[in-house]
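In: build me a model from this:
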Amino acid sequence: MKQTLPSAIEDYEKIPFQEFTRKAYLNYSMYVILDRALPHIGDGLKPVQRRIVYSMSQLGLSSTAKFKKSARTVGDVLGKFHPHGDSACYEAMVLMAQPFSLRYPLVDGQGNWGDPNDPKSFAAMRYTESRLSRYADILLDELDQGTCDWTPNFDGTLTEPTLLPARLPNLLLNGTTGIAVGMATSMLPHNLREVAKALIHLIENEDADIDAICKHIKGPDFPTDAEIITPVSEIQETYRTGTGRIKMRATFQIEEGEIVFCALPFHASTEKIYEQIAAQIEAKKLPMVADIRDESDHEEPTRLVVIPRSNRVDYQSLIDHLFATTDLEKSYSVNMNMIGINGRPQVKNLLTLLTEWLGFRADTIEKKLRFRLEKILNRLHILEGFQIAFLNIDQVIHIIRTSDHPKQALIKSFDLSEIQATSILEIRLRQLAKLEEIKILSEIKELEAQRKILEKRLNSKKAFKAYMIDEIREDAKKYGDKRRSPIKERQEAEAFSATDILDIEPVTIILSQNGWIRSAKGHDIDPEKVKFKTGDDLMSFLRIRSDKPVVFLDNTGRSYMLFSHVLPSARSNGEPLTGHLSLGPDTAIQYMLSQEEEDLFLVGSDNGCGFIIRFSDFLTTYKNGKAVISVKDGFSLLPPEPVLNLETDNIVAVTSLGRLLIFPVSQLPKLKKGQGNKIITIPKKQLNSNDPEKLKLLKILPLNSNLVIHSGKHFLRLSPGNQVDYTGMRGYRGKKLPRGYQVVDRIEVIPIKSADETNL
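Out: This next block holds a predicted model:
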């Protein structure tokens with residue numbers, strides 16, 4: 001018999017794959033955004049946090065209760081409300097208990113809950129114990145007063161609150177981070193008292209703007225005593241837009257010549273900072289630091305001591321360098337993205353956040369007041385029935401004793417409601433005493449007074465606002481504390497440059513043919529006499545100062561940069577240059593040069609093209625270098641030539657067939673990279689032949705200099721007067737040298753020292 005699929009499954013399989021994946025991913029995205037990663041503006045909690053707090057309240061783990069094993073809480077959360085991983089749930093609980101992670105912890109922990117150096121070093125849930133903190137009361141105090149909506153749990157057997165009735169904007173007080181699909185949130189913590197003042201101001205002045213709010217909320221307030229150094233104007237701009245960055249810097253003091261850091265930025269680790277500084281000392285990047293000690297203990301949780309070599313060290317420069325290169329200064333992104341009252345995620349500025357939260361709080365208070373009023377009215381209704389019963393006590397007793405249906409008889413005789421009649425029938429005999437009647441009258445009087453207050457608050461906007469303000473003030477007094485993170489104006493910290501920490505001295509850089517490099521102190525060393533490994537020999541050398549960068553050019557025209565202080569001593573055979581630079585396949589270093597940043601060089605390749613480049617354009621911090629000179633396949637890079645005077649120098653170009661061209665340097669363009677312009681014309685036919693003509697030599701010819709052409713054992717000396725015959729415009733073909741001098745080995749430039757020599 002042929003089996004058929006249910007129609008629903010058949011329809012499901014007919015959906016185009018593109019449509020199916022789009023809907024599936026959209027559903028997943030919305031789930032992550034709304035039910036996992038982003039907090040709600042109302043109580044400032046993500047679903048897992050809300051479920052942990054609620055479950056703990058149901059277990060009776062209030063701030064005054066005995067501690068219970070954390071595993072008990074996690075089990076309840078997973079079994080009743082949150083069917084996810086236990087480790088993820090416990091980690092969320094741990095973050096709510098760590099005083100260094102949350103400004104106002106929601107969980108009070110006992111046992112190992114991690115430490116600032118390693119927040120994830122907490123013990124397993126079977127070892128730690130927990131209960132709710134006092135601060136958690138602001139989320140739970142009004143839970144049973146008709147203030148929130150309830151929704152079925154995952155299996156429909158229980159209900160859980162959709163939002164907790166927060167008495168303060170917990171999202172702003174504790175902050176949070178979360179990564180959803182296509183969006184993220186990063187809220188920083190704030191001081192409770194400052195936020196309370198801002199809320200009161202906003203209630204009293206509904207047209208208040210961001211500037212007015214910022215007079216009360218100065219900036220974030222982290223659970224650390226480190227300084228916030230972001231300028232006030234930038235903090236206000238962050239609050240105005242809902243996005244930005246906040247910087248924190250460690251606080252320090254000088255004790256007997258030692259620098260002691262006593263408060264670190266939020267989520268900064270003493271151990272990590274110790275390792276960062278120690279690594280710099282080992283790499284000789286901090287020669288002015290003798291040692292570093294971590295003296296942190298239970299009495300002083302943060303005490304990191306940096307010991308300078310002497311009292312003559314510039315303390316401020318050293319401290320600025322440490323701020324710039326370690327976690328002693330950290331930056332935190334602000335992205336005030338949250339789920340609003342309308343259930344949609346949105347980035348809100350500070351004013352919108354506070355205004356919307358006040359709307360949520362006003363709605364919560366109204367529900368609470370109406371709930372209380374309804375209870376009072378119900379109780380008054382019953383007490384009115386009791387009054388009637390006491391006034392007619394004999395008749396009531398007679399009806400109860402003689403009637404088969406006393407409830408209906410009471411209702412008919414005294415015009416009572418069913419609730420009143422039921423309550424009268426449930427009165428005990430001892431409550432018929434005269435004293436009980438006095439208590440009922442007293443309770444009616446008290447409840448009537450409460451009813452009037454509640455009705456006034458519900459019906460009067462002014463009274464309602466006053467009640468809101470009183471609640472906020474009361475909570476600020478009960479749970480608030482002083483600001484922990486001071487806001488200071490500080491200058492931007494700068495790290496030492498590589499040259500700032502070096503003793504400037506003459507050095508000689510030696511590069512071998514096999515690519516081994518080393519650095520020798522002084523300029524008196526003879527590179528020709530330096531020993532090399534077997535099969536290796538000298539390729540080139542440079543005599544420079546130790547604070548100057550060394551540029552390397554490979555055969556493809558890429559430039560690389562190193563400083564001499566990173567190179568090994570010349571006492572050894574050196575190190576392969578590939579250990580410092582990332583060279584591409586089939587590439588080799590051809591030239592090594594160093595000059596001042598503003599100095600100029602003539603560069604080109606043997607295809608006849610070149611340009612003038614500033615030395616600073618060779619410089620790069622990338623290990624794999626940067627492309628500077630475009631060298632076509634089949635052609636080679638010529639040695640760079642330093643340009644002495646851009647106005648008066650000439651360029652000498654000699655081809656492999658003995659053609660010579662002299663023209664002013666000023667005719668060649670200044671570029672940062674590329675192939676450049678044509679220096680000398682070489683016909684394409686000859687450039688692409690089997691034995692091609694190429695540009696063989698390039699030389700800078702200063703004003704009033706003799707040019708010597710060397711060809712084998714012979715040489716031709718061209719004085720400035722004779723050079724005119726070979727002078728032309730850039731890109732000309734050039735003139736052939738005399739027979740016997742057309743195979744040029746090298747050219748030499750000799751400055752003329754006297755007027756008589758000029759006339760030779």
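In: find the nearest non-adjacent residue to Ser403, please.
Out: Ranked by CB to CB, 6 or more residues apart in numbering and with sequence neighbours excluded, the top spatial neighbour of Ser403 is Ala409, at 4.2 Å. For every residue, glycine as well, the C-beta is placed using N, CA and C.
In: give me the number of residues near the one you found?
Out: Ala409 has 17 neighbours, counted by other CB atoms under 10 Å.
In: surely it touches Ile399?
Out: Yes: Ala409 lies in contact with Ile399 (CB atoms under 8 Å); the separation is 4.8 Å.
In: what's the overlap in contacts for the two?
Out: By CB atoms under 8 Å, 6 or more residues apart in numbering, Ala409 and Ile399 have no common neighbours.
In: do I have it right that Met592 meets Ile544?
Out: No: when contacts are counted by CB under 8 Å, Met592 is not listed as touching Ile544 (10.0 Å).
In: what is in contact with those two at once?
Out: Here Met592 and Ile544 have Ile509, Val550 as joint contacts, going by CB under 8 Å, 6+ apart.
In: mind checking how far the lengthiest helix in the chain is from the chain centre?
Out: Scanning the chain for the longest helix, with DSSP state H as the assignment, gives helix 350-391. Counting by CA atoms, centre = their mean, to the nearest Å, helix 350-391 is centred 46 Å from the centre of its parent chain.
In: pLDDT below threshold where in the protein?
Out: 1-13, 432, 434-435, 496-503, 754-760 (pLDDT under 70).
In: quick one: furthest residue from the center of it?
Out: For the chain, the largest distance from the centre (CA atoms, centre = their mean) belongs to Thr402, which lies 82.4 Å off.
In: what's the helix or strand hosting Leu202 packed up against?
Out: In this assignment (DSSP states H and E), Leu202 forms part of helix 192-204. With contacts defined as 3 or more CB pairs under 8 Å, 6 or more residues apart in numbering; DSSP states H and E, the packing partners of helix 192-204 are helix 170-174, helix 210-214, helix 350-391, helix 461-479.
In: let me know which of these is the nearest to Val306.
Out: helix 170-174 (33.0 Å; CB to CB).
In: touching that closest one from outside, list them.
Out: Applying CB under 8 Å, 6+ apart, the external contacts of helix 170-174 come out as 39-41, 43-45, 102-104, 106, 138-139, 187, 189-192, 195, 338, 353-354, 357.
In: check stretch 196-203 too.
Out: 168-169, 208, 212-213, 216-217, 354-355, 358, 465, 468-469, 472-473, 475-476, 480.
In: of the residues you listed, just the buried ones, PyMOL syntax please.
Out: This is the PyMOL syntax for the buried subset of the contacts of stretch 196-203, where burial follows 16 or more other CB atoms under 10 Å:
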select buried, resi 168+169+208+213+216+217+354+355+358+465+468+469+472+475+476+480
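In: buried stuff in stretch 332-344?
Out: By 16+ other CB under 10 Å, the buried positions in stretch 332-344 come out as Tyr332, Val334, Asn335, Met336, Asn337, Met338, Ile339, Gly340.
In: the first one in helix, strand or coil?
Out: Put plainly, it is Tyr332. Following DSSP: H, G, I helix; E, B strand; the rest coil, the label given to Tyr332 is strand.
In: mind listing what it touches?
Out: Ser186, Leu188, Pro220, Arg245, Ile246, Lys247, Met248, Phe266.
In: again, but for the last one
Out: By CB under 8 Å, 6+ apart, Gly340 lies in contact with Ile41, Gln346, Lys348, Glu356.
In: ok, Leu425 next?
Out: With contact taken as CB under 8 Å, 6+ apart, Leu425 is in contact with Ile400, Pro406, Lys407, Leu410.
In: re earlier: quick check on the residue nearest to Ser403: phi, psi?
Out: Main-chain torsions, Ala409, degrees, to the nearest 10: phi -70, psi -40.
In: how much space is there between it and Arg361?
Out: As for Ala409, its distance to Arg361 is 49 Å (criterion: CB to CB, to the nearest Å).
In: next one: Ala212
Out: The separation that Ala212 has from Arg361, given CB to CB, amounts to 19 Å.
In: about what we covered before: so the longest helix of the chain versus helix 461-479, what angle?
Out: Put simply, helix 350-391 runs at 100 degrees to helix 461-479, going by axes from the mean of the first three to the mean of the last three CA atoms, to 10 degrees.
In: so Leu318 touches Met288, yeah?
Out: Yes: taking contacts as CB under 8 Å, Leu318 lies within contact range of Met288: 6.2 Å.
In: common neighbours of the two, please.
Out: Shared contacts of Leu318 and Met288 (CB under 8 Å, 6+ apart): Pro308.
In: do a quick rundown of the strands in the stretch 551-700 of the chain.
Out: 558-563, 575-576, 589-593, 600-605, 609-614, 626-627, 641-643, 650-655, 659-664, 677-678, 695-701 (DSSP state E, counting those that start in this stretch).
In: can you list these in a markdown table and add mean neighbour count and distance to Thr147?
Out: Converted to a markdown table, the strands of the stretch 551-700 of the chain look like this (neighbours: other CB atoms under 10 Å; distance: least, CB to CB, whole Å):
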| stretch | mean neighbour count | distance to Thr147 |
| --- | --- | --- |
| strand 558-563 | 21 | 66 |
| strand 575-576 | 14 | 71 |
| strand 589-593 | 20 | 74 |
| strand 600-605 | 24 | 77 |
| strand 609-614 | 23 | 71 |
| strand 626-627 | 14 | 63 |
| strand 641-643 | 19 | 81 |
| strand 650-655 | 24 | 86 |
| strand 659-664 | 22 | 87 |
| strand 677-678 | 17 | 79 |
| strand 695-701 | 21 | 85 |
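In: quick one: closest of those strands to Phe67.
Out: Once those are compared by CB to CB, strand 558-563 is nearest, at 58.5 Å.
In: coming back round to it: pick out whichever of the contacts of Tyr332 sits closest to Lys23.
Out: Ser186 (29.7 Å).
In: quick check: phi and psi on the closest one?
Out: According to degrees, to the nearest 10, Ser186 has phi -150, psi 90.
In: mind listing what it touches?
Out: Thr177, Tyr332, Ser333, Val334, Asn335, Asn337.
In: rerun at 6 Å
Out: Thr177, Ser333, Val334, Asn335 (CB atoms under 6 Å, 6 or more residues apart in numbering).
In: how about it: what's its closest non-neighbour residue?
Out: Per CB to CB, 6+ apart, closest to Ser186 is Asn335, 4.4 Å.
In: who's in contact with the one you found?
Out: Thr185, Ser186, Thr243.
In: same check on Gly604?
Out: Here Gly604 is in contact with Gly610, Leu638, Ile679, Leu698 (criterion: CB under 6 Å, 6+ apart).
In: tell me what it is bridged to.
Out: Gly610 (DSSP bridges).
In: that one and Asn688, how far apart?
Out: Per CB to CB, Gly604 is found 18 Å from Asn688.
In: with His298 instead?
Out: From His298 to Asn688 the distance is 80 Å (CB to CB).
In: about what we covered before: out of the contacts of Ser186, the closest to Lys439 would be?
Out: Taking the contacts of Ser186 together and measuring to Lys439 by CB to CB, the closest member is Thr177, at 55.5 Å.
In: hey, C-alpha coordinates of stretch 414-425 in PDB?
Out: C-alpha atoms of stretch 414-425 as PDB (Å, rounded to 0.1, in the frame of the first residue of the first chain):
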ATOM      1  CA  PHE A 414     -29.600  42.000  55.400                       C
ATOM      2  CA  ASP A 415     -29.000  42.700  51.700                       C
ATOM      3  CA  LEU A 416     -25.500  41.200  51.900                       C
ATOM      4  CA  SER A 417     -23.300  40.100  49.100                       C
ATOM      5  CA  GLU A 418     -22.300  36.400  48.800                       C
ATOM      6  CA  ILE A 419     -18.700  37.200  49.900                       C
ATOM      7  CA  GLN A 420     -20.000  39.100  53.000                       C
ATOM      8  CA  ALA A 421     -22.400  36.200  53.900                       C
ATOM      9  CA  THR A 422     -19.600  33.600  53.500                       C
ATOM     10  CA  SER A 423     -17.300  35.700  55.700                       C
ATOM     11  CA  ILE A 424     -20.000  36.000  58.500                       C
ATOM     12  CA  LEU A 425     -20.600  32.300  58.500                       C
END
